[in-house]
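# Pasting the sequence and the predicted model now:
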Amino acid sequence: MSPAEQELVTRSARNGWLLSAPALVVLTLAAVGPLLIVVVYSFLLPGKYGNVVWGFSLDAWSGILYTRDIFDGTLALADAHLSIFWRSVKLSILTTIFTFVVGFPTAWFIATRPQKARAMWLFLITIPFWTNLLIRTFAINEIIRNEGLLNSTLIKLGLITQPIEMIYTDGAVFVGMTYVYLPLMVLPLFAAIDRFDMRLMEAAYDLYASPMQVLRRVIMPVVKPGIVAGSILVFVPSLGAYVTPRLLGGGKNMMIGNFIELQFGQGRNWPLGASLSVTLLIVVTGALLIYVRYANREAGNGQ
Amino acid sequence: MASRGFVLTRLPGFNGIALGVFVALYLPIFMLVIYSFNAGKSVALWEGFSLQWYGIAWANDQVKDATVRSLYLALSAAVISTVLATMAALGTTRRRKFRGMTFIYVMINQPLMVPEIVSAVALLIFFAAIKQATDYQGMGYLIAAHSAFCIPFAYLPIRARLEGMDLTLETAAADLYASTWQTFRFVTLPLLLPGIFAGMMLAFVTSLDDVVITVFVKSAGQDTLPTYMLGQIRRQVTAEINAISTVLLALTVALLTLFFLLTRKKG
Amino acid sequence: MTQTIAVEANHVVKAFGHGETAVRALNDVSVQIRTGEFFTLLGPSGCGKTTLLRLIAGFEMPSAGTILLDGADITTLPPNKRPVNTVFQSYALFPHLTVAQNIGFGLEMLGRPKAEVKARVDQMLALVKLEPMADRKTSQLSGGQQQRVALARALAPTPKVLLLDEPLSALDLKLRKEMQLELKRLQLETGITFVFVTHDQEEALTMSDRIGVMSAGKLQQVGSPKEIYTKPVNRFVASFIGETNFLPATRDGDAYRLDCGIKVAAPSSATGRVTLTVRPEQIRIGAETDADALPAKVTNLVYFGTDTHCHVNLPDGTEVVVRLQSPATGDAGLALGQAVGLSFVPDALQVLED
């Protein structure tokens, strides 16, 4: 490379960094940096009225799975914690599966509309996506709570006399999360199906496949990257969900997100809250890394 | 209107499920909007049309206060994040890949990858320490936090617009004696403007909608509309919340429509 | 008459990529382009012609070598400091500006007074016959009109050299023919040096004062269209421009012996194995019994309207194509399998040494 060429390359890289620098500073101060502090706090001791006391300790980490008996100081598996983790994982997986089951036909439906109608249907999916999550959860709340629309209607019709207890159950959280995260499944599925070459269907039908066989043997394998992307996009926020379980799950049916919050409120155990946050972050990052590796491999295979 | 015979792209049951999904998506929102116009106290029994809940919300000083704060916060965060995102997008697109480019991408998209509750807790810890050290309790914390997590939302449409732009236009400008700054001012910026507006709109909506981070970062008496609503829903639910929700919804839909018109591909 | 040189490239190398994977788009290219001439860089895609153009414009920096403009070294000068303008293949018209604003862009960037810019824009609009379109957005123009705007925009600042990067490739055939004449007219009217890049040999032959034929990053031959066509220096140039026949031969005394055994004369002193080349229209078909004729057999007749291509085989199997003007009656008087005798017009045979 001649000096002039080298100069151009160097200048291009330098300008790239200079232009990105202000954003990086803000992100470091108000997003990435604080995460590192959380890691530090997870190795400290809880203060009596919240916050932390300086002093190294692994209590917050063992506290994720074990509780120390107040009297004899022995460690025992914390059943309450385990049930919260289990609920979080179970509800997140159920939400992912169900959003896929109804989201796939929806994405397919949108992708197979004529060009103009497609934009309209896509817009209809995008509006809930951008609508305040709190409002959407509240809308579900209004329908399923005891004095809500569903119960009042059923009572008015004389089908029941006492309201059915639907809110503050795992089922309510599941319904709520499915409702709020559905667009996150539909959008990547749509993107994948939109790229799908419909002539492959013609070929499959031509070779005597039934509609179900076409779906299972041709369409699904081809749009698999979209399925994986949608599943990750639903699973990750489900696992860290806070607003939906808080409004629909109540105090008893906590998920990890609410459990973390608890440590910074009544629990007054910031280090435990920090270690739980780091754990959640690791799980989510792991899921994303697996996805990135998968996506890269797919992209590599495509060429 | 079932068309007879074979339709290539039709799969059994799919249309029914899809239409069911759209109904299920919109029914709760419609009910919420409808009951914001209810004359009665109940949010489940229809007692006639009225705008009383909008009046009540309008007269509520807490709501007024939260509205002003929400708009102020969203506007500040949108402007700051859009400026930063525009610069970063110019720095990371359409140039030879340089060392650290991937790092910059990861940094910019980091707020999209970390669970909100974790970011919220992290900011709570960090800002608590600063609050203790400086005694500053102002809006700065919320503005900084919102600006940061709005950056990826502003960045994505701007970057998309930049990548779709014909690089030879800038080459042509340089060929026609434009300096680097003139090329940016007279060619790049005017062509990028729709992307910048789109990014700003998404950032605005994202900030306006945020609950979790705001709840953890705000100091006492710094309620935004969503955090005010969150508190109210936990206490007692009145149709006032429906009215506020409806207004927020309308605002979101209006901004999104504008966004789509801006980013729509021209023929 | 002494010729001044407008653009000079000296031993220019341009490599893309690093180390093992590096590709030399230009490999030691030297060329002199004369002031006021219509110079065409001709070659297949990937031969480096556009790279050379971009180096002259300043969009890329050479890996080695220098580029001079009117004798001054401009190798590392950025494009906005070079009195050189480009007509881009995609036109690269600014979509947010009107036709007039596009044309005036360069002068405005140079900080010329408004009145001067306006006058020059009007002048350019007249030159390319687009006065009624001045206030249109460029997206409302047809392809041919966009092409004219791109030309006017590049000519408006009166560059010392105008670079044209396959500007006609997006136009349909009829429009392309019109624009070829138009370009030639503009070049003569303005007297500006044109450097034109194309892969279309017919375009190059009809428009250029001189042509530089490029292949694989190297300049193969520079010369007038007639020189390039009638006296190609190597096999690539001979086959890339027009159709031709290649006849393997060996030096024998002061002439060459074709592989079929017949001796022919050709103006060269090359010895050993050579290739003779002859254009299809420079061969005559006569009777087998004509004196000094090459015996051949007709294997195929392909009708092209005004022409008929007659494929014949020499005794050793070499295939030769002869272009005959189709006679008015539509019948060339030849039949498949017929034995004929070939003869060449004077100076038709060229010797290629490679």
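Received the coordinates, thanks.
# Stretch A:272-283 close to chain B?
Yes: applying CB under 8 Å from any CB of the partner chain, one finds that stretch A:272-283 is in contact with chain B at A:273-274, A:277, A:280-281. Just so you know, the C-beta spots here come from the backbone N, C-alpha and C atoms, and that holds for glycine as well.
# Number of residues surrounding whichever residue of chain A sits closest to chain C?
Chain C sits closest to A:A4 of chain A, with a gap of 3.8 Å, by CB to the nearest CB. Per other CB atoms under 10 Å in any protein chain shown, the neighbour tally for A:A4 reads 14.
# pLDDT score assigned to it?
According to the prediction, A:A4 has pLDDT 79.
# Let me know the closest of the residues of stretch A:272-283 next to chain B to B:A18.
Distance to B:A18 across the residues of stretch A:272-283 next to chain B (CB to CB) is lowest for A:L280, with 33.5 Å.
# Surely that closest one touches B:S119?
No: contact criterion CB atoms under 8 Å: A:L280 and B:S119 do not qualify, at 11.0 Å.
# how near is the closest residue to the residue of chain A closest to chain C other than its chain neighbours to chain B?
Residue nearest to A:A4 in three dimensions, not counting chain neighbours: C:M61, with 3.8 Å by CB to CB, 6 or more residues apart in numbering or on different chains. Separation of C:M61 from chain B (CB to the nearest CB, to the nearest Å): 13 Å.
# in a strand, that's where C:M61 is, yeah?
No: C:M61: not assigned to a strand; according to DSSP: H, G, I helix; E, B strand; the rest coil it is coil.
# and it, how many neighbours?
Other residues near C:M61 come to 22 when the count uses other CB under 10 Å.
# mind listing what it touches?
A:2, A:4-5, A:7-8, C:55, C:75-76 (CB atoms under 8 Å, 6 or more residues apart in numbering or on different chains).
# Could you give the separation of whichever helix or strand C:L26 is part of from the chain centroid?
If you go by DSSP states H and E, C:L26 is part of strand C:23-34. Centroid separation for strand C:23-34 versus its chain: 15 Å, with CA atoms, centre = their mean, to the nearest Å.
# Do it and chain A come into contact?
No: using CB under 8 Å from any CB, strand C:23-34 never reaches chain A; the gap is at least 12.3 Å.
# In the stretch 101-250 of chain A, which residue sits nearest chain B?
For the stretch 101-250 of chain A, CB to the nearest CB, closest residue to chain B: A:G240, 2.7 Å.
# and the gap between that residue and A:I256?
As judged by CB to CB, to the nearest Å, A:G240 and A:I256 stand 7 Å apart.
# now swap in C:P167 and tell me
63 Å.
# re earlier: between A:L280 and B:S119, who's got more neighbours?
Under the criterion of other CB under 10 Å, the comparison of A:L280 against B:S119 puts B:S119 first, with 29 against 24.
# Could you measure from the more buried one over to B:L112?
For B:S119 relative to B:L112 (CB to CB), the value is 10 Å.
# swap in B:I143?
Computed as CB to CB, the B:I143 to B:L112 distance reads 20 Å.
# and these two? which has more neighbours close in?
A direct count of neighbours by other CB under 10 Å for B:I143 and B:L112 places B:I143 higher, at 19 against 15.
# who are the neighbours in contact with C:L186?
Going by CB under 8 Å, 6+ apart, the list of residues near C:L186 reads C:127-128, C:151, C:155.
# Oh, that last question was meant for A:I256, not what I typed.
Here A:I256 is in contact with A:84-85, A:88, A:239-240, A:276, A:280, B:117 (CB under 8 Å, 6+ apart).
# hmm, try it at 7 Å
If you count contacts by CB atoms under 7 Å, 6 or more residues apart in numbering or on different chains, A:I256 has them with A:84-85, A:88, A:239-240, A:276, A:280.
# Closest one of those residues to chain B?
For the contacts of A:I256, the nearest to chain B is A:G240 (2.7 Å; CB to the nearest CB).
# Show the backbone phi and psi for that closest one.
Here is the backbone geometry of A:G240 (degrees, to the nearest 10): phi -100, psi 10.
# With adjacent residues omitted, what lies nearest to it?
B:P115 is the one closest to A:G240 (CB to CB, 6+ apart), at 2.7 Å.
# thought the residue of chain A closest to chain C was touching C:I74?
No: contact criterion CB atoms under 7 Å: A:A4 and C:I74 do not qualify, at 11.4 Å.
# can you give me the helices in the stretch 101-250 of chain A?
Ranges of helices in the stretch 101-250 of chain A, per DSSP state H, counting those that start in this stretch, are A:115-130, A:133-144, A:149-156, A:170-195, A:199-206, A:211-213, A:220-222, A:224-239, A:243-244.
# picking up where we left off before, return the member of the contacts of C:M61 nearest to chain B.
Closest to chain B, out of all of those and judged by CB to the nearest CB, is A:L8, at 8.6 Å.
# elements contacting whichever helix or strand A:E7 is part of?
Assessed by DSSP H and E, A:E7 sits inside helix A:3-27. Secondary-structure packing of helix A:3-27 (3 or more CB pairs under 7 Å, 6 or more residues apart in numbering or on different chains; DSSP states H and E): helix B:61-92, helix B:101-113, helix B:140-164.
# And these: which comes nearest A:L45?
Using CB to CB, the helices and strands packed on helix A:3-27 put helix B:140-164 closest to A:L45, at 25.7 Å.
# Would you convert the residues of stretch A:272-283 next to chain B into JSON lines that also reports secondary structure and pLDDT?
Below are those laid out as JSON lines (DSSP: H, G, I helix; E, B strand; the rest coil; pLDDT from 0 to 100):
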{"residue": "A:G273", "secondary structure": "helix", "pLDDT": "93"}
{"residue": "A:A274", "secondary structure": "helix", "pLDDT": "94"}
{"residue": "A:S277", "secondary structure": "helix", "pLDDT": "95"}
{"residue": "A:L280", "secondary structure": "helix", "pLDDT": "94"}
{"residue": "A:L281", "secondary structure": "helix", "pLDDT": "94"}
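# Right, I'll leave it there.
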